[in-house]
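K.L.:
Okay, predicted coordinates and the sequence, questions at the end:
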Amino acid sequence: MFTLDCAYELGGQPMTRTTLDNDDYTFALDVADDHIKGVLTAKKNLVMRKLVLDSVRKFDSDDLFLANGYQSWTTTREFRRNETLPGVMKIAVGDFLRPRVGISGDYEWATYDVQGRFHSYTFTYFRKAGDQTIELYGSRTERQGYTIFDVDMLNNRFSLVKDIDGLELAPGQEYVVFDLCVIKDTYDAAFDQYFFDFMGLKKPRVDRLAGYTSWYNYFQNITEDIILRDLDGLDRAQELTQIYQIDDGYESYVGDWETPDPKKFPNGMKICADKIHEKGYLAGLWLAPFCAQIKSRTAKEHPDWMVTYNKNGKKRLAHFGWGGAYALDFYNPEVRAYIKQFFNTVLNDWGFDMVKLDFLYCVAQEPRMGKTRGQIMTEGCEFLRECCGDKIILGCGAPLGAGFGYFDACRVGCDAHKNYNGDIWNKVGVNEELPSARNAILDSVFRRCLNGRAFANDPDVFFLRDKNVGYSLPQKLLLAKVNDIVGSILFVSDNVGDYNEATLDYLKYFFEDKKITVQSVEPLDSDRLAIRYTEKGQPKTLNLNLKSGYSNVVECME
């Protein structure tokens, strides 16, 4: 049984109601064993602020709740009632510092740092430890706003929350707030029903891609010479390689995509795509299509193209990288024309087959124009698909539910830091989107349900090289094996030409499609997982320690 908590503004005055029908709105609620649907019909001009359905649900010590994080990089895993979901670092307080530290997350509107309190976006499930039967709740679409499943396991509460803040409704306007399935079945059967039967998605057209991306070796310090040298180095595994992707660093400035850096890429980008195609690979290119670096020509010449804060009209800071970047407002007709133009250049003039589209969250950091965050993000993903036509889209830094049906592949975890234990920022716990091998593994494992259903999962890179990386060999093999088990996009950023024969054999093993299927994942404690799977028809169990990075991976590779 659910109770309603609805907050809104009427004529500029804040209002709170708990009734389903009153002078301001009607909320029609349909609850059954297999679905929950709630439709709000406004009777007056309303500006919505909050809508929550609360229920009582008893939680025992062996109950597990899946918390699917806000976007690609946000921590995702199963939680027990005695655990806590950490937020931003404790010293990040105040209206100035806290939003900036949490710029890539949901910290401004979601609850963190409370024992037993967890939330999940778009879908979630409950299960008992050791039992592979789940109770799955899933939203049909995030076009109306983000659907958030919120639990307070210590106080036995389960809530359905719609991020409805900023939504403007006119008299007589209907708004589908919740359209949810409820499925009780085994893990794979439940997610098949959710994605294929309830949502009506088709299997993604990208099955598996193995290859190279330049980022976690050179970062922005790439050149045409480096890209073509590493391309030749990959000849040693050419028969198992399908894609070669150039990441950030080729452009003159983020946002000025049609003007590559003339010192780094004096011959432009088409020659790189052509050379990649000569090897028989798909050519991929990184962009942050909704970002414009503060120093970019785009930001300087078109300040009116940028998203502004609703409250004060100042340009919205999208990201701290590159010395700071603003978000492009894709609702502006001139911005839409510009974005379509540079995609046409990249995909048609230069000839790239795939685009990795990064930092997508930045376009929907707050509601505007009477639209919710989820509506803006979903319409943004829809626009990107319109721009890219039938080319491959690899989403990244994106709220995942908004990309269902639009992305061919998507990052499902945070960046895998080039040092297994990260750096000082990991130790102080800046936020839940920070690069981390531990979180990259957790995210990929607990979002395995998306792989081959919503899109092809990209768990980020693994490392086999010896230079410029801080992993022991067992840690390298563990990260690679997890990616192999639960991912479909297998990337390294190494110069394969530098590999010795033993390392080359490892690469060929991981690049090979071994027809792996996962039977179960069981947390043994806060640091240890057991992943049971079959590889080429043989049953195996990978036992791993997230903290140390040690496991029985060598035994599993035999």
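P.N.:
That came through fine. Numbers count the residues shown, from 1 in each chain.

K.L.:
Pick out the least confidently modelled helix or strand of this structure, by mean pLDDT.
P.N.:
Ranking every helix and strand in the chain by mean pLDDT, DSSP states H and E puts helix 94-101 at the bottom, with a mean of 81.

K.L.:
and that helix, which residues are buried?
P.N.:
Across helix 94-101, burial judged by 16 or more other C-beta atoms under 10 Å covers 98-99, 101. Yep, even glycine has a C-beta here, placed from its N, CA and C like the rest.

K.L.:
of all those residues, which comes closest to Glu174?
P.N.:
Pro99 (33.5 Å; C-beta to C-beta).

K.L.:
Please report how far that closest one lies from Val93.
P.N.:
Using C-beta to C-beta, to the nearest Å, one obtains 11 Å as the distance from Pro99 to Val93.

K.L.:
Could you do Ser120 as well?
P.N.:
Ser120 is 26 Å from Val93, where distance means C-beta to C-beta.

K.L.:
So which of those two has more stuff around it?
P.N.:
Just comparing Ser120 and Val93: by other C-beta atoms under 10 Å the higher neighbour count belongs to Ser120, 21 against 11.

K.L.:
quick one, what contacts that one?
P.N.:
Counting by C-beta atoms under 8 Å, 6 or more residues apart in numbering, Ser120 makes contact with 65-68, 148-150.

K.L.:
Reformat these as JSON lines; add distance to His302, neighbour count and secondary structure.
P.N.:
What follows is the contacts of Ser120, written out as JSON lines (distance: C-beta to C-beta, whole Å; neighbours: other C-beta atoms under 10 Å; DSSP: H, G, I helix; E, B strand; the rest coil):
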{"residue": "Phe65", "distance to His302": "45", "neighbour count": "24", "secondary structure": "strand"}
{"residue": "Leu66", "distance to His302": "42", "neighbour count": "22", "secondary structure": "strand"}
{"residue": "Ala67", "distance to His302": "39", "neighbour count": "22", "secondary structure": "strand"}
{"residue": "Asn68", "distance to His302": "36", "neighbour count": "25", "secondary structure": "coil"}
{"residue": "Ile148", "distance to His302": "35", "neighbour count": "24", "secondary structure": "strand"}
{"residue": "Phe149", "distance to His302": "40", "neighbour count": "25", "secondary structure": "strand"}
{"residue": "Asp150", "distance to His302": "40", "neighbour count": "20", "secondary structure": "strand"}
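
K.L.:
Contacts for the strand of greatest length in the chain, please.
P.N.:
When the chain is parsed with DSSP state E, its longest strand is strand 174-186. Contacting residues not belonging to strand 174-186 are listed as 27, 32-42, 51, 53, 132-141, 144-145, 147, 160, 162, 164, 167, 169, 190, 193-194, 198 [C-beta under 8 Å, 6+ apart].

K.L.:
Report the central residue of the protein.
P.N.:
Centrality entry for the chain: nearest residue to the mean C-alpha point is Ser72, 1.7 Å, by C-alpha atoms, centre = their mean.

K.L.:
close enough to count as contact, that one and Ala409?
P.N.:
No. If you go by C-beta atoms under 8 Å, Ser72 and Ala409 don't touch, sitting 11.3 Å apart.

K.L.:
Quickly list what's touching both of those two.
P.N.:
By C-beta under 8 Å, 6+ apart, Ser72 and Ala409 have these common neighbours: Gly395.

K.L.:
Now do the buried residues in stretch 533-544.
P.N.:
533, 535, 540, 542-544.

K.L.:
Also stretch 78-89?
P.N.:
Buried, per 16+ other C-beta under 10 Å, within stretch 78-89: 78-81, 83, 85, 87-89.

K.L.:
could the contacts of Ser120 be laid out in JSON lines, adding pLDDT and distance to Asn426?
P.N.:
Listed next are those as JSON lines, based on pLDDT from 0 to 100; distance: C-beta to C-beta, whole Å:
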{"residue": "Phe65", "pLDDT": "98", "distance to Asn426": "25"}
{"residue": "Leu66", "pLDDT": "98", "distance to Asn426": "23"}
{"residue": "Ala67", "pLDDT": "98", "distance to Asn426": "19"}
{"residue": "Asn68", "pLDDT": "98", "distance to Asn426": "22"}
{"residue": "Ile148", "pLDDT": "98", "distance to Asn426": "26"}
{"residue": "Phe149", "pLDDT": "98", "distance to Asn426": "28"}
{"residue": "Asp150", "pLDDT": "98", "distance to Asn426": "27"}
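
K.L.:
So which of the residues you listed is the closest to Phe219?
P.N.:
Distances from Phe219 to those, taken by C-beta to C-beta, are shortest for Asn68, at 28.8 Å.

K.L.:
Tell me how this structure divides into domains.
P.N.:
Following the assignment in automatic domain parsing, the chain carries domains at 3-198, 209-412+447-513, 514-558.

K.L.:
Pick the most deeply packed of those domains.
P.N.:
When those are scored by mean count of other C-beta atoms under 10 Å, the highest mean neighbour count falls to domain 209-412+447-513 (a mean of 20).

K.L.:
ok, now which ones touch the residue nearest to Lys270 when sequence neighbours are not counted?
P.N.:
Residue nearest to Lys270 in three dimensions, not counting chain neighbours: Trp350, with 4.6 Å by C-beta to C-beta, 6 or more residues apart in numbering. Applying C-beta under 8 Å, 6+ apart, we find Trp350 in contact with 268-270, 273, 285.

K.L.:
Is Gln365 in contact with Leu317, as I believe?
P.N.:
No. Look at Gln365 against Leu317 with C-beta under 8 Å: they stay out of range, at 9.0 Å.

K.L.:
Sketch out the low-pLDDT regions of the protein for me.
P.N.:
310-311 (pLDDT under 70).

K.L.:
quick one: contacts for Ala129?
P.N.:
By C-beta under 8 Å, 6+ apart, the contact list for Ala129 reads 62-64, 80, 522-523.

K.L.:
thinking again about what came up before, strand partners (parallel or antiparallel) of the next helix or strand after the least confident helix or strand of the chain?
P.N.:
As assigned by DSSP states H and E, the chain's next helix or strand after helix 94-101 is strand 117-121. Applying DSSP bridges to the sheet, strand 117-121 is found paired with strand 147-152 (antiparallel).

K.L.:
Extract the C-alpha trace of the strand it pairs with and format it as PDB.
P.N.:
Extracted in PDB, the C-alpha atoms of strand 147-152 (Å, rounded to 0.1, in the frame of the first residue of the first chain):
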ATOM      1  CA  THR A 147      12.600   7.300 -11.700                       C
ATOM      2  CA  ILE A 148      14.300   6.700  -8.400                       C
ATOM      3  CA  PHE A 149      13.800   3.700  -6.100                       C
ATOM      4  CA  ASP A 150      14.600   4.800  -2.600                       C
ATOM      5  CA  VAL A 151      15.000   2.500   0.500                       C
ATOM      6  CA  ASP A 152      15.500   3.100   4.200                       C
END
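
K.L.:
helices and strands around the next helix or strand after that strand, which ones?
P.N.:
Downstream of strand 147-152, the next assigned helix or strand under DSSP H and E is strand 157-162. Contacts defined by 3 or more C-beta pairs under 8 Å, 6 or more residues apart in numbering; DSSP states H and E place strand 157-162 against strand 46-56, strand 147-152, strand 174-186.
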